[in-house]
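J.: Coordinates for the following, if possible.
(chains A and B)
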Amino acid sequence: MTVWVEVDLCSGCKRCVRECPYGAVEMKEGKAQVQDRCTSCGACLQVCKEKALQTDVKPREIPEFSDRKGVWVFAEQREAQLNKVSLELLGKAQELGAALNQSVSALLLGDGVAGLAGTLMEYGAETVYLVEHKGLKDFRTNSYTKAIEDLVKKYKPNILLMGATHVGRDLAPRVSRRVEVGLTADCTELSIDPTEGILLQTRPAFGGNVMATIANRYSRPQMATVRPGVMEAARKPGAKGKVIKQEASLTEDEIGTRVLELVKERKKRANLSEAKVIVAGGRGVGDAGGFKILEELASALGGELAGTRVAVEEGWIPPDRQVGQTGQSVRPEVYIACGISGAIQHRAGMMNARYIIAVNKDPRAPIFQVADWGIVGDLHEVVPEMIQQFKKA
Amino acid sequence: MKIIVLVKQVPNTAEVKLDPKTGNLIREGIESIINPDDRHALEAAARLKEVAGGKVTVLSMGPPQAIDAVSEAMGMGADEGILLTDRAFAGADTWATSSTLGKAVETIGAFDVILCGRQAIDGDTAQIGPQVADYLKIPQVTYVFGIEEIKEKSLVVKRRLEDGFERVECDLPALLTVIGEMNTPRYPLVNRLIDACREKAPLKIWNAADIGVQTRDIGLEGSLTHVIKTFAPKLQRQIEMIQGDAKTAVKTLAGKLKEKKLL
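T.: Numbers count the residues shown, from 1 in each chain, chains lettered A, B, ... in the order given. The predicted model follows:
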């Protein structure tokens, strides 16, 4: 199984170099050369006009999936409280459903949670599959996996989405393995390919340095998880739907885990995902004292304080206030970035803000490339001025 | 207690740069490290062994140079190491990877606990742990940051949630994925590192035939998802630079915010 270059045919156009998702084609003396890290994926073969790239890999047959219909969203709840990410996913599911002309459904699992079905319908679920059982009261991987496995096998959906939460990231891979399908984690963009009709799943890779679009051609449902705060909920007041109840057969033996205690520490954790205004600082803030001023601005605007990974590592802000690839994704109305250079890892977490204001001493800082308004200046002068003037406004 | 630790060698993504002209990843000269979460899994395994006795086996899959990660893991306390390496494993998605690792664990034989990091910094998927657990049909607990109690047939662990944590009892054998909060990993000991590099070191290298997997089930061929395109994250906004000293600039900005009804 290899891909090779017929050197005499190669025109040196570099199309294959650009196309290779793995960076495995390099130019050597004006000719393309396939490197060891080539995975024989075949992406280069299609773009080579000279037919210089050749392979002995047989094209893989795509199975027939025309009976697979419907866009499903796992409705995450705890103690009968829906997680906001599920409503956001229903918003996206409405778009995907419209593009495919397929219906949107929610999976509601738990014990005494039937009352949530109405909310799911208002946010776009035409059908709510309801599974109630004592064994589903707490989230436990095996009981939830079993219930979803039964539903998937019975109703054969086309797409299944879950939030990339601590529950979703535990459950989705387990379900994907159980129902024998591929899974794409932490997507930031989902769309339907207009020609093939498949789900295009785009996500950051290599610490956010690269975006990759992934397809799931060989199995159904096409499964993906999406981080909270990335998609937008779309409420349809008064919308109604139907509830389909499903029995669950679960024994404690096969579940294998028991939740002994649930401890909430809500007071200590910042809620950045709900904040309308976020004032964030990076290395340029200089010290913890600098963050005091940012905090003052945040509270003047009724917002929350946040920061970059550097700010967390320096101990200027607690880890739960970190925005970025390894922190949280946020989408406030206004994001004020102070002394943040704008490393791609940070941008990955705040690009979905409606308006971005950047304050930085360095006019070449990359943060200015993603901002709506920029002020080149010392934040220690600009921020106090903001506090004063915004308070008056 | 028989403990298996799954470890991945990854490029240090904090150092990854893009070629500004082509938008491609610059791969040369990037240091390879043991995935940070996996270090915490190795530390957890070493401590579990200190309390409960037994043996720690480290299992990794990767190119031949990933042997460095296995040796380093042995330096941190693992008793034996296994590296799965074969051209046929290349290009695997998490489905094919979990099939390969699952089959390798079956080849190792009986175990009580599998420990692994929550996620690897090159892919950030957090899928391998749960998928291996499902392959092996054993219970899993993810986001573990503490082991409270070791019983004969179960463990009591603490699992991190977004707004707190839960205490979970988990029947053995089981798979746990751990997070950085769990512990502070020890440094590898020099004498252990040297031992791991000796010819007689308990270090095995297995290929696809050694674990009895078919090429159609592994690597790119056995994968269910495929990367169809990669690109540099795009910039979407049109910046408006606001001129003047701090006072003037903020005044102009306040006007713009009021216009948009943001103030």
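J.: Could you check how many residues crowd around A:Gly302?
T.: Counted with other CB atoms under 10 Å in any protein chain shown, residues neighbouring A:Gly302 total 9. The C-beta positions use only the backbone N, C-alpha and C, and glycine is treated the same way.
J.: quick one: it is in a helix?
T.: No. Assessed with DSSP: H, G, I helix; E, B strand; the rest coil, A:Gly302 is coil; it does not lie in a helix.
J.: quick one: pLDDT of it?
T.: The model reports A:Gly302 with a pLDDT of 89.
J.: Tell me the secondary structure at residue 40.
T.: Here I'm looking at chain A. Relying on three-state DSSP, one would call A:Ser40 coil.
J.: my question was about chain B
T.: helix.
J.: what's the neighbour count on it?
T.: Using other CB under 10 Å, B:His40 has 25 other residues around it.
J.: Okay, it and B:Pro185: tell me how far apart.
T.: B:His40 is 6 Å from B:Pro185, where distance means CB to CB, to the nearest Å.
J.: same check, this time on A:Glu50
T.: Taking CB to CB, one finds A:Glu50 at 51 Å from B:Pro185.
J.: Now do the contacts for whichever residue of the stretch 51-200 of chain B sits closest to chain A.
T.: Per CB to the nearest CB, B:Gly91 is where the stretch 51-200 of chain B lies closest to chain A, at 2.8 Å. By CB atoms under 8 Å, 6 or more residues apart in numbering or on different chains, the contact set of B:Gly91 is A:Tyr22, A:Thr39, A:Ser40, A:Cys41, B:Gly219, B:Leu220, B:Ser223.
J.: Let's have those in JSON lines, adding neighbour count, pLDDT and distance to A:Glu254.
T.: What follows is the contacts of B:Gly91, written out as JSON lines (neighbours: other CB atoms under 10 Å in any protein chain shown; pLDDT from 0 to 100; distance: CB to CB, whole Å):
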{"residue": "A:Tyr22", "neighbour count": "19", "pLDDT": "76", "distance to A:Glu254": "40"}
{"residue": "A:Thr39", "neighbour count": "22", "pLDDT": "76", "distance to A:Glu254": "37"}
{"residue": "A:Ser40", "neighbour count": "20", "pLDDT": "77", "distance to A:Glu254": "40"}
{"residue": "A:Cys41", "neighbour count": "20", "pLDDT": "77", "distance to A:Glu254": "38"}
{"residue": "B:Gly219", "neighbour count": "24", "pLDDT": "90", "distance to A:Glu254": "32"}
{"residue": "B:Leu220", "neighbour count": "23", "pLDDT": "85", "distance to A:Glu254": "34"}
{"residue": "B:Ser223", "neighbour count": "23", "pLDDT": "92", "distance to A:Glu254": "29"}
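J.: Wasn't the residue of the stretch 51-200 of chain B closest to chain A part of a strand?
T.: No. Counting by three-state DSSP, B:Gly91 falls outside a strand, being coil.
J.: how close does it sit to B:Ile239?
T.: 40 Å.
J.: How about B:Ile218?
T.: Taking CB to CB as the measure, B:Ile218 falls 48 Å from B:Ile239.
J.: Need the per-residue pLDDT for the closest residue to A:Asp67 other than its chain neighbours.
T.: Spatial nearest neighbour of A:Asp67, excluding adjacent residues (CB to CB, 6 or more residues apart in numbering or on different chains): A:Lys156 at 6.2 Å. pLDDT recorded at A:Lys156 is 97.
J.: Over to the one 10 residues further on?
T.: A:His166 is assigned a predicted lDDT (pLDDT) of 95.
J.: who's in contact with it?
T.: Residues in contact with A:His166 (CB under 8 Å, 6+ apart) are B:Thr142, B:Tyr143, B:Arg159, B:Arg160, B:Leu161, B:Glu162.
J.: Not counting sequence-adjacent ones, nearest residue to the last one?
T.: If you skip the residues right next to it in sequence, B:Glu162 has A:His166 as its closest partner in space, 5.8 Å away by CB to CB, 6+ apart.
J.: Let me know the helix or strand that that neighbour is in.
T.: A:His166 belongs to no helix or strand when elements are defined using DSSP states H and E.
J.: Quick check: the gap between A:Gly307 and A:Gly281.
T.: According to CB to CB, A:Gly307 stands 5 Å off from A:Gly281.
J.: Tell me the residues that contact both of these two, please.
T.: The contact sets of A:Gly307 and A:Gly281 overlap at A:Phe291, A:Trp316, A:Ile317 (CB under 8 Å, 6+ apart).
J.: So which elements touch the longest helix anywhere in chain A?
T.: In chain A, taking DSSP state H as the definition, the longest helix is helix A:84-100. Packing partners of helix A:84-100 (3 or more CB pairs under 8 Å, 6 or more residues apart in numbering or on different chains; DSSP states H and E): strand A:71-75, strand A:104-110, helix A:117-122, strand A:159-163, strand A:189-192, strand A:222-226.
J.: Throw the ones you listed into a markdown table and include mean neighbour count, thanks.
T.: Formatted as a markdown table, the helices and strands packed on helix A:84-100 follow (neighbours: other CB atoms under 10 Å in any protein chain shown):
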| stretch | mean neighbour count |
| --- | --- |
| strand A:71-75 | 29 |
| strand A:104-110 | 27 |
| helix A:117-122 | 20 |
| strand A:159-163 | 28 |
| strand A:189-192 | 18 |
| strand A:222-226 | 29 |
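J.: Please produce JSON lines containing these, extended by mean pLDDT and distance to A:Met351.
T.: Below are those laid out as JSON lines (pLDDT from 0 to 100; distance: least, CB to CB, whole Å):
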{"stretch": "strand A:71-75", "mean pLDDT": "98", "distance to A:Met351": "23"}
{"stretch": "strand A:104-110", "mean pLDDT": "98", "distance to A:Met351": "26"}
{"stretch": "helix A:117-122", "mean pLDDT": "97", "distance to A:Met351": "28"}
{"stretch": "strand A:159-163", "mean pLDDT": "98", "distance to A:Met351": "19"}
{"stretch": "strand A:189-192", "mean pLDDT": "96", "distance to A:Met351": "11"}
{"stretch": "strand A:222-226", "mean pLDDT": "97", "distance to A:Met351": "15"}
